[in-house]
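*Asks:* here you go, sequence then predicted model.
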Amino acid sequence: MLFGISSLDNRAAAVPLEIFISLTGILLLTPIFQPEQDSSIDEITSSKYISNTVVYLIRIAYSILTLITLISIFSLFMKVSASDMTLPLYLGAIVTAMFLGSIGLFTASIFRNIAVSYMVPIVYYALNFGGDLGNFYLFSMMGGEFKPKIWLFAGSLMFIILSIYAKWISSGHFKAIIMKKFHR
Amino acid sequence: MFTLFLRESKKVIFSITFLILIAAMLLMALSQDVLDFNDREIEMPFSGQSYGMQTKEIPEIIMPAAITSLYSEYKANSYTAYPIGFYKNVRLSTKEQQQVAEILSMITEISLEELVNSVNTTTHNGDRLIFENGKELASDDGEVMITMPIPNNDSDTVLLVKDELTYEKFKSYMKQVDKLIGGGSNYSKTMLLNFGKVPITYKEAIDSYFMIKDKDHFSGAYARLFSDYLVTVLSILPVFLAITISLKDKRNGIHELIYTRKTSSVKIILTRYISIITAIMISVIIISYISNMSAWSFYDGMKLDYLAPLKYDLGWILPSVMISAAVGMFFTELTNTAIGVAVQGLWWFIDINTGKAEIISGYSLFRLSPRHNSLQYTQAFNDHFNSLIVNRLFFIVLALILVAATILIYEQKRRGRLNGKFKSLIKKTFANMANSKSKSAA
């Protein structure tokens, strides 16, 4: 509605992907830990046989799959609308959305605060309007640059791993292991 | 009331959201070079130097320049547009191209037939790219050979603007063209002025300097630029703080306990709101003075307006902070969720992107973040000052209405009338929708 997606050349096609579609990452990945932010729910889930870490990994996996599906549908729509949609653009869009989402996920794993979890990725996104953030610049494809996406991909993997780790440390399972060792 | 205010302020100041808000403000100011103006002295121009370019609404300059540009874009069927401030290349359909040709034939002496024949189109024919004159671009082995076209010298076709064409009529034609392109094109109302680029004369440069010296007293110009950048982030960040503080009681499980207290709803909500606004504004004032003071040493012995940062903080930034915080509090009380982030986020996102078209004196009524992205143009600021006042007052009133609505909702919740009703209403609506779908499927 704001930009239009038909008959866009390669650089212009990057605009809706990097500016709009990347935000879906925040919406899909940030709330993954939200149910357990309620301490009573956290206590119940922690007492279950299946580790919370496994549950988180499953949630992350299907959120990323949903993200890929959404971006695929949008990309296909752009292709049908005669825009110059290429594979690097498509992959770049997924990586940008994943990176923003993983920042939200990581923040959520540290702070039990839903507003902060959304605030940090949005602040990072807003800072990109101010200028080039080097290898971690979100809107590089609009300038014809695809290399920063490799950094964003590595960054998003790192944030996802760190989030799981942070959650595991704060979980009952980790406490139980520590207590066990301590009692020995 | 004061004890309650101190308690709420403590909650605000010691929240992680507030710390992130401060960090984001500092990062924004740093990244845009407005935290330290050390290398940005406004110097008095001297005769004989270049003073840069400016846009002026001179029909005699704008009309031929815009028509020439439209003609060459039409011939290439490649129109540049910046719908939300980002580059976009637009290719029109045959029907739309025909409409542009008709407009061109109405404003120039070139006939419609001549215009249609002059189009250089590269058309797809199966897998091959065929140039208009039939010359193949793709070789048999599939390798695409591109030969650079001879520069399209528009002087080949003399573009004579019709004598009877008035500027008003021209603008209405350009509006039609802009609509065909999809908006944000070079022919839109704001972008059209860019065709009126003329050099700044010595007199204009010196007048501009004295406007900054006499009206802004230098510090005003720096405070305005600082506000321009900071208001863009402060139109969104307070929503997070408001949500955090509003949800805090619920998270700690003491909201129902507070409901039973004697303190009135007006007192609770107003104190909370004022403490959020005060905490943010004190930080803004401190940072704005740090920024402004960095430029004071340039103007030793000259008159400075030492209150300029404060005036701009309260007049320019405060209304945006107020509305953002009010949206956060209103939606959190209404839904008990962080949905306010989505509401304010969407509003901010649209405003920031559409605002790129008017970054100098962009003070239209609904502009959430007013823009003035320059140390110069004091005259333009003064000319549009009344619009800015109306805009800022509008947001203050809107924020107060939302705060009043928040008080009403809070009061109803304390009386046990609204608890979870909104949430269950949404759930019910979705459940009904799902039921009707499954019924129709059956």
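*Replies:* On my side now, so go ahead. Residues are numbered from 1 along each chain as shown, chains lettered A, B, ... in the order given.

*Asks:* for the spatially closest residue to B:Val116 that is not a sequence neighbour, grab the count of nearby residues.
*Replies:* Leaving aside its sequence neighbours, B:Val116 sits nearest to B:Ala101 (CB to CB, 6 or more residues apart in numbering or on different chains; 5.7 Å). To be clear about C-beta, it is placed using only N, CA and C from the backbone, and glycine gets the same treatment. When neighbours are defined as other CB atoms under 10 Å in any protein chain shown, B:Ala101 has 21 of them.

*Asks:* so what does the helix or strand harbouring B:Ala101 touch, helix or strand wise?
*Replies:* Per DSSP states H and E: B:Ala101 is located in helix B:94-107. In terms of contacts (3 or more CB pairs under 8 Å, 6 or more residues apart in numbering or on different chains; DSSP states H and E), helix B:94-107 is packed against helix B:59-76, helix B:112-117, helix B:167-181.

*Asks:* what is the longest helix of chain A by residue count?
*Replies:* When chain A is parsed with DSSP state H, its longest helix is helix A:52-80.

*Asks:* hang on, the earlier thing: in TSV: the helices and strands packed on helix B:94-107, plus mean pLDDT.
*Replies:* Converted to TSV, the helices and strands packed on helix B:94-107 look like this (pLDDT from 0 to 100):
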stretch	mean pLDDT
helix B:59-76	92
helix B:112-117	84
helix B:167-181	94
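
*Asks:* let's have the ones you listed in JSON lines, adding mean neighbour count and distance to B:Arg224.
*Replies:* Below are the helices and strands packed on helix B:94-107 laid out as JSON lines (neighbours: other CB atoms under 10 Å in any protein chain shown; distance: least, CB to CB, whole Å):
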{"stretch": "helix B:59-76", "mean neighbour count": "18", "distance to B:Arg224": "28"}
{"stretch": "helix B:112-117", "mean neighbour count": "14", "distance to B:Arg224": "46"}
{"stretch": "helix B:167-181", "mean neighbour count": "17", "distance to B:Arg224": "30"}
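
*Asks:* which of these sits closest to B:Asp214?
*Replies:* helix B:59-76 (30.0 Å; CB to CB).

*Asks:* could you check the angle the helix holding B:Ala101 makes with helix B:59-76?
*Replies:* 150 degrees (axes from the mean of the first three to the mean of the last three CA atoms, to 10 degrees).

*Asks:* give the buried residues for helix B:94-107.
*Replies:* In terms of neighbour count (16 or more other CB atoms under 10 Å in any protein chain shown), helix B:94-107 has its buried residues at B:Glu96, B:Gln97, B:Gln99, B:Val100, B:Ala101, B:Ile103, B:Leu104, B:Ser105, B:Ile107.

*Asks:* contact residues of chain B facing chain A?
*Replies:* B:16-17, B:20-21, B:24, B:27-28, B:31-32, B:83-84, B:86-91, B:182, B:232-233, B:236-237, B:240-241, B:243-244, B:247, B:251, B:338, B:341, B:345, B:350, B:352-354 (CB under 8 Å from any CB of the partner chain).

*Asks:* my guess is A:Val120 meets A:Gly104, correct?
*Replies:* Yes: if you go by CB atoms under 8 Å, A:Val120 and A:Gly104 touch, sitting 6.7 Å apart.

*Asks:* more neighbours, those two?
*Replies:* Comparing A:Val120 with A:Gly104 by other CB under 10 Å, the one with more neighbours is A:Gly104, at 29 against 25.

*Asks:* so the more buried one makes contact with A:Ala115?
*Replies:* No: counting by CB under 8 Å, A:Gly104 stays clear of A:Ala115, with 11.3 Å between them.

*Asks:* strands of the stretch 101-250 of chain B, start to end?
*Replies:* B:122-125, B:128-131, B:197-199 (DSSP state E, counting those that start in this stretch).

*Asks:* of those, which shows the lowest average pLDDT?
*Replies:* Among the strands of the stretch 101-250 of chain B, strand B:128-131 carries the lowest mean pLDDT, a mean of 38.

*Asks:* who's in contact with the residue nearest to B:Val116?
*Replies:* By CB atoms under 8 Å, 6 or more residues apart in numbering or on different chains, B:Ala101 lies in contact with B:Tyr74, B:Leu112, B:Leu115, B:Val116.

*Asks:* let me know the closest of the residues you listed to chain A.
*Replies:* Nearest to chain A among these: B:Tyr74, at 15.5 Å, using CB to the nearest CB.

*Asks:* my read: the closest one touches B:Leu104, true?
*Replies:* Yes: in this structure B:Tyr74 lies within contact range of B:Leu104 using CB under 8 Å: 6.3 Å.

*Asks:* spell out which residues are contacts of both of those two.
*Replies:* Shared contacts of B:Tyr74 and B:Leu104, counting by CB under 8 Å, 6+ apart, come down to B:Leu115.

*Asks:* secondary structure element for the most centrally placed residue in chain A?
*Replies:* The centroid of chain A falls nearest to A:Gly101 when counting by CA atoms, centre = their mean (2.1 Å). Using DSSP H and E, A:Gly101 sits within helix A:87-110.
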